[in-house]
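Undergrad: Sequence first, predicted coordinates after that:
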Protein chains: 2
Amino acid sequence: MQPQVRVPEFLESVRPAIDRELDRVLPAGAEPPVRLHEAMRYSVFAGGKRLRPSLCIAAYCVFRPDWEAILPVAAAIELVHTYSLVHDDLPAMDDDDFRRGRPSCHRQFGEATAILAGDALLTLAFECLASGAGVAASRLQEVTLRLARSAGSRGGMIAGQIMDLEAEGHAIQAPQLDAIHRAKTGALIQTSLVSGALLGGAEPAELDAVESFGRAIGLAFQVTDDILDEVAVVETLGKTPGKDLRQGKATYPRLHGIEASLTAVRRLTAEARRSLDDFGGRGSLLAAISDYIGTRAR
Amino acid sequence: MQPQVRVPEFLESVRPAIDRELDRVLPAGAEPPVRLHEAMRYSVFAGGKRLRPSLCIAAYCVFRPDWEAILPVAAAIELVHTYSLVHDDLPAMDDDDFRRGRPSCHRQFGEATAILAGDALLTLAFECLASGAGVAASRLQEVTLRLARSAGSRGGMIAGQIMDLEAEGHAIQAPQLDAIHRAKTGALIQTSLVSGALLGGAEPAELDAVESFGRAIGLAFQVTDDILDEVAVVETLGKTPGKDLRQGKATYPRLHGIEASLTAVRRLTAEARRSLDDFGGRGSLLAAISDYIGTRAR
């Protein structure tokens, strides 16, 4: 197995379908209110890798092959992710002028439009879930519940963002940083995977395994991001490197050093792989994804 | 029938249960992140009349008496309404320092917390819907879809807010003002009623009737609000009166004059009552509500 080859190929293979689905569910740029809909599309079609929806699809594929059936859920996950980026970049929040190498939404469209575009993307995500044809209503309900929780204020994305803002400029301890990372980034990554498994019909024990897997790679992903922020140049990263450090944001390398951060990533990806033991060959794509996330940092 | 008496009594009779449900679904103020959860509660428990959830319950009661069963849906509707107030008040939006006679959320807790509190209230609304026990999953799915649309960017609340912002300081025509009012206020009021009817098991023709009723009183409510903004004093209104006019916002009295606005309200509430013809006696509470909304303006 060559994970470095397989995962990019997998991502490339599902990406066009995810993008088509996003294009289908998003209002046309020419549909009024035009400026708002342009801002929503500008933020969604900004060159993201569609990692979270791809994780949802990968986890579904452990159980069933017909992944096109869950594209509305995959799209909803990407919409939630995009809304969070738009709001995080706002002047009152992280005040970021650039995102993926282009002006951030509020720089391009103004602050009011960016706030409303984020609101509309979040709202559309739930519309998208509720209109999800071809999936049993009770499973959609469970996925909606988990997605809302992972995006919410109790250990979800919003909790992570506010803890992150409140920690700025303060010395924090390792457990607190782990809590921020798990809430801000880990929860949605984990739920993307668990949603795919749920929709694929995973048994309770299988769901637990995917949950553990998601918990480990969710944190691994954010630690890797911290490391990249420290070492990458702007061309690679598409955002201002070293910005977290300058803002006094808590990061893994800042708290533990680069070497220990790399070790943590290796430990987490190994833990992720172990969660897949009972899947045997069916877990090979997820295993490769865990290696892929671990090697981004090197 | 004395609608002036009956409707306040009805509102008072359901309000404690709605407030208890909101209290139950909202994170405790002491639960971390504390400041965020305090901001959410501050905005939800600010003395609102719970009109939208009460409309949902009133429409449900046309079909079934056991309205406690739909309290999670009623609470979700109030959470969506509250999120919209928190975000509309932001400096980049309507820049309102007061709401219901108290400092607005961002004045009390800061802008970042207010943005996130709004996000969290919207997210919690969908969590609340998805965890709605005791209601069939397929009906919940339909209600979720309609609520998301009425809050969204295609003719929903977000569309109304951006059209409103874009119209500031510009001369607009009557059809455009109707479109703003219907999107910004009407859509959620209409969906509150339709959701109640759907959950109560309304037949398609009955659903159409409630939809027409909601369309008429949704607009009547906003026109009445415009009139109150023109004539009320700060004590009555709990917000700065005349502010819409000073901001150059389009309002009914500004475009049509007070007399014509009052006539429009009477025409709309009569239209609302006519929609209820086929309900006979079962429609009496909704009819009284329509009169109540019409008399607020006098």
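TA: Happy to help now that I have it. Numbering: from 1, shown residues only, chains lettered A, B, ... in the order given.
Undergrad: Please save the CA atoms from whatever helix or strand residue A:199 lives in in PDB.
TA: Using DSSP states H and E, residue A:199 sits within helix A:187-200. Taking C-alpha atoms only, helix A:187-200 is exported to PDB below (Å, rounded to 0.1, in the frame of the first residue of the first chain):
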ATOM      1  CA  ALA A 187     -15.300  17.600  16.700                       C
ATOM      2  CA  LEU A 188     -16.300  18.300  13.100                       C
ATOM      3  CA  ILE A 189     -13.700  15.900  11.700                       C
ATOM      4  CA  GLN A 190     -14.800  13.200  14.000                       C
ATOM      5  CA  THR A 191     -18.500  13.800  13.200                       C
ATOM      6  CA  SER A 192     -17.800  13.800   9.500                       C
ATOM      7  CA  LEU A 193     -16.500  10.200   9.900                       C
ATOM      8  CA  VAL A 194     -19.100   9.100  12.300                       C
ATOM      9  CA  SER A 195     -21.900  10.400  10.000                       C
ATOM     10  CA  GLY A 196     -20.500   8.400   7.100                       C
ATOM     11  CA  ALA A 197     -20.400   5.300   9.200                       C
ATOM     12  CA  LEU A 198     -23.900   5.900  10.600                       C
ATOM     13  CA  LEU A 199     -25.300   6.400   7.100                       C
ATOM     14  CA  GLY A 200     -23.500   3.300   5.900                       C
END
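Undergrad: average pLDDT for the next helix or strand after that helix?
TA: Per DSSP H and E, the first helix or strand lying C-terminal to helix A:187-200 is helix A:204-231. Averaged over helix A:204-231, pLDDT sits at 95.
Undergrad: and helix A:204-231, how far out from the chain's middle?
TA: Distance of helix A:204-231 from the chain centroid (Cα atoms, centre = their mean, to the nearest Å) equals 10 Å.
Undergrad: cool, and stretch A:84-103?
TA: The chain centre lies 16 Å from the centre of stretch A:84-103; the measure is Cα atoms, centre = their mean.
Undergrad: Next, the distance between the ends of that stretch.
TA: With Cα to Cα, to the nearest Å as the measure, stretch A:84-103 spans 16 Å from end to end.
Undergrad: where do the strands sit along chain A?
TA: Remark: strands assigned in chain A by DSSP state E are A:98-99, A:102-103.
Undergrad: quick one: strands adjacent to the first one?
TA: Sheet pairing here is set by DSSP bridges, and for strand A:98-99 it gives strand A:102-103 (antiparallel).
Undergrad: Other residues contacting the partner strand?
TA: The contact list for strand A:102-103, computed with Cβ atoms under 8 Å, 6 or more residues apart in numbering or on different chains, reads A:46, A:97, A:108. Where you see a C-beta, it was placed from the backbone N, CA and C, and this is true even at glycine.
Undergrad: Report the mean per-residue pLDDT for the helix holding residue A:199.
TA: 98.
Undergrad: near chain B, anything from that helix?
TA: No: Helix A:187-200 stays clear of chain B (Cβ under 8 Å from any Cβ of the partner chain), getting no nearer than 11.7 Å.
Undergrad: same for that helix, what does it pack against?
TA: Packed against helix A:187-200 by the contact rule (3 or more Cβ pairs under 8 Å, 6 or more residues apart in numbering or on different chains; DSSP states H and E) you find helix A:51-61, helix A:71-88, helix A:137-151, helix A:157-167, helix A:204-231.
Undergrad: Same list (these) but as a markdown table, adding mean neighbour count and distance to chain B.
TA: As requested, the helices and strands packed on helix A:187-200 are arranged in a markdown table below (neighbours: other Cβ atoms under 10 Å in any protein chain shown; distance: least, Cβ to the nearest Cβ, whole Å):
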| stretch | mean neighbour count | distance to chain B |
| --- | --- | --- |
| helix A:51-61 | 26 | 16 |
| helix A:71-88 | 26 | 6 |
| helix A:137-151 | 22 | 4 |
| helix A:157-167 | 24 | 5 |
| helix A:204-231 | 21 | 17 |
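Undergrad: Could you save these as CSV and add columns showing distance to residue B:92?
TA: CSV is the format used below for those (distance: least, Cβ to Cβ, whole Å):
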stretch, distance to residue B:92
helix A:51-61, 28
helix A:71-88, 12
helix A:137-151, 22
helix A:157-167, 18
helix A:204-231, 28
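Undergrad: just the angle between the helix holding residue A:199 and helix A:51-61, please?
TA: Counting by axes from the mean of the first three to the mean of the last three Cα atoms, to 10 degrees, helix A:187-200 points 30 degrees away from the direction of helix A:51-61.
Undergrad: Select the helix or strand of chain A having the lowest average pLDDT value.
TA: Least confident helix or strand of chain A, by mean pLDDT, DSSP states H and E, is helix A:234-237 with a mean of 50.
Undergrad: Taking helix A:157-167 as reference, get the angle to the helix holding residue A:199.
TA: Counting by the same axes, to 10 degrees, helix A:187-200 lies at 170 degrees to helix A:157-167.
Undergrad: Of all the residues in helix A:187-200, which ones are buried?
TA: For helix A:187-200, burial by neighbour count (16 or more other Cβ atoms under 10 Å in any protein chain shown) applies to A:187-200.
Undergrad: Also stretch A:283-298?
TA: A:283, A:285-294, A:297.
Undergrad: for residue A:179, what are its contacts?
TA: Residues in contact with residue A:179, defined by Cβ under 8 Å, 6+ apart, are residue A:163.
Undergrad: for the one 5 residues further on, same thing?
TA: If you count contacts by Cβ under 8 Å, 6+ apart, residue A:184 has them with A:157, A:159-161, A:163-164, A:222.
Undergrad: wait, which of the residues you listed is closest to residue A:83?
TA: The nearest member of the contacts of residue A:184 to residue A:83, counting by Cβ to Cβ, is residue A:157 at 9.5 Å.
Undergrad: So that closest one sits against residue A:150, correct?
TA: Yes: taking Cβ atoms under 8 Å as the definition, residue A:157 is a contact partner of residue A:150 at 6.7 Å.
Undergrad: And for the nearest residue to residue A:48 once chain neighbours are set aside, the neighbour number?
TA: For residue A:48, ignoring the flanking residues on the chain, the nearest one in space by Cβ to Cβ, 6 or more residues apart in numbering or on different chains is residue A:100 at 6.8 Å. Here the number of neighbours of residue A:100 (other Cβ atoms under 10 Å in any protein chain shown) works out to 14.
Undergrad: what about residue A:100, distance to residue A:275?
TA: Residue A:100 is 31 Å from residue A:275, where distance means Cβ to Cβ, to the nearest Å.
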